[in-house]
Each structure stands twice: as structure tokens, then as C-alpha cells.
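Asker: the following comprises the amino acid sequence and a computationally predicted model.
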Amino acid sequence: MASEERKSFLLRIDPELWKELGAWAADDLRSVNGQVEYLLRQAVQKRRKARAAEAAADDEA
């Protein structure tokens, strides 16, 4: 994954949230950037699973 090109963007974030993310990232031995990317990936995976389950339920109905 390190060799793929990354998209950069500016993110404005509340200082208190930044501190919380920094502490969480440190606990998980990640940078804040890495932690944010990890959390976004988890959220996307969760959404995909929910949509797939929803589609399967619609197919059964």
C-alpha cells in the first residue's frame, strides 16, 4: 500500500478532537494521519456491509 499514490486534502478540525485523535493514535502506535485513515476505512467497510445486508434483505422481501 505504501507504493500507491495518495490523495492529499486539507482538513480543518477542532483542537480538542485533534488532541483526542493524537492520544488514540499514540495508543495504537500510529500517526494522527494514519489513525484518521484507519477510522475512515473502518467506517467505509461498515457502511458497505450495512448496504449489502440491506440489499440482501430487500431481495428476500
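Answerer: Sure thing, it's come through. Numbering: from 1, shown residues only.

Asker: where's the residue nearest in space to the middle of the chain relative to Asn33, distance?
Answerer: Centroid-nearest residue in the chain, with CA atoms, centre = their mean: Leu40, separated by 1.1 Å. From Leu40 across to Asn33, the span is 11 Å (CB to CB, to the nearest Å). The C-beta positions use only the backbone N, C-alpha and C, and glycine is treated the same way.

Asker: now do Ala53
Answerer: 31 Å.

Asker: can you pull out the low-pLDDT segments for the protein?
Answerer: Applying pLDDT under 70 to the chain flags the ranges 1-3.

Asker: sorry, back to before: what is in contact with Leu40 and Asn33 at once?
Answerer: With CB atoms under 8 Å, 6 or more residues apart in numbering applied, the contact sets of Leu40 and Asn33 do not overlap.

Asker: longest helix in this protein, please.
Answerer: Counting by DSSP state H, the longest helix found in the chain is helix 32-60.

Asker: can you give me the buried ones in that one?
Answerer: For helix 32-60, burial by neighbour count (16 or more other CB atoms under 10 Å) applies to Val32, Gln35, Val36.

Asker: got the contact list for the second one?
Answerer: Applying CB under 8 Å, 6+ apart to Gln35 gives the contacts Leu21, Trp24, Ala25, Asp28.

Asker: a markdown table for those, including neighbour count and distance to Gln45?
Answerer: What follows is the contacts of Gln35, written out as a markdown table (neighbours: other CB atoms under 10 Å; distance: CB to CB, whole Å):
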| residue | neighbour count | distance to Gln45 |
| --- | --- | --- |
| Leu21 | 17 | 19 |
| Trp24 | 15 | 18 |
| Ala25 | 18 | 19 |
| Asp28 | 11 | 17 |
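
Asker: keep only those of the residues you listed that are in strands.
Answerer: When these are checked against strands using DSSP state E, none is located there.

Asker: tell me the one among those residues nearest to Arg6.
Answerer: Nearest to Arg6 among the contacts of Gln35: Ala25, at 17.2 Å, using CB to CB.

Asker: how much space between the closest one and Gln42?
Answerer: 14 Å.

Asker: try Trp18
Answerer: Distance from Trp18 to Gln42, by CB to CB: 19 Å.
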